[in-house]
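Colleague: Fold the following, please.
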Amino acid sequence: MMNDERRNPGRPQHLGERTKEFALRVIRLFSALPKSAEAQVIGRQLLRSGTSVGAQYREAARSRSVAEFVSKMQGALQEPDESVYWLELLSAADIVAPTRLSDLAAEAHELTAIFVASVKTAKARMRKPPL
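Modeller: Have a look, this model is predicted:
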């Protein structure tokens, strides 16, 4: 359960805050990784993609048109999906126990689904004829 949800049960957390919390969780995970070369290489990749999710979302939110929003959100979509890949590698390489990564991976999947839905909704708006 996210911090805002605990304070305000039933109130969805703003996506900007949710993506920032995701980035902070990735940062904490990276800080706790072993100092082995492979853990650090994979960890840096996860750190890059996991902290880019919120930055890319914010950029999309500032779009000046629906077409620009779609373009930027499609770029943002790559980051949580890539984060899942690095999380899977950390687990498959026996660097981090899968149970420690499951919540973070679930959040990355949820963010991906939200971004996909946002792109679909925006594209549908673009196809609607003006009144």
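
Colleague: Would you confirm that P34 contacts I95?
Modeller: Yes: at 6.5 Å, P34 counts as touching I95 under the criterion of CB atoms under 8 Å. (Glycine included, C-beta is placed from N, CA and C.)

Colleague: Compare the two (neighbour count), which wins?
Modeller: Neighbour count, other CB atoms under 10 Å: between P34 and I95, I95 has more, with 17 against 11.

Colleague: Spatially, and excluding backbone neighbours, which residue is closest to Q74.
Modeller: What sits nearest to Q74 in space, not counting adjacent residues and going by CB to CB, 6 or more residues apart in numbering, is V119, at 6.0 Å.

Colleague: For that neighbour, what is the enclosing helix or strand?
Modeller: Using DSSP states H and E, V119 sits within helix 98-127.

Colleague: next helix or strand past the worst-scoring helix or strand of the chain on mean pLDDT?
Modeller: Lowest by mean pLDDT, DSSP states H and E among the helices and strands of the chain is helix 3-7, with a mean of 39. Sequence order places helix 15-32 as the next helix or strand after helix 3-7, per DSSP H and E.

Colleague: what angle do that next one and helix 98-127 make?
Modeller: 150 degrees (axes from the mean of the first three to the mean of the last three CA atoms, to 10 degrees).

Colleague: Need the residues that contact helix 15-32.
Modeller: Residues outside helix 15-32 that contact it (CB atoms under 8 Å, 6 or more residues apart in numbering) are 2-4, 13, 43-44, 46-47, 50-51, 53-54, 57-58, 61, 80, 83, 96, 100-101, 104, 107-108, 111, 114.

Colleague: got the contact list for the residue nearest the centre of the chain?
Modeller: Nearest residue to the geometric centre of the chain (CA atoms, centre = their mean): P80, 3.8 Å. Listed by CB under 8 Å, 6+ apart, the contact partners of P80 are 22, 49, 53, 108-109, 111-112, 115.
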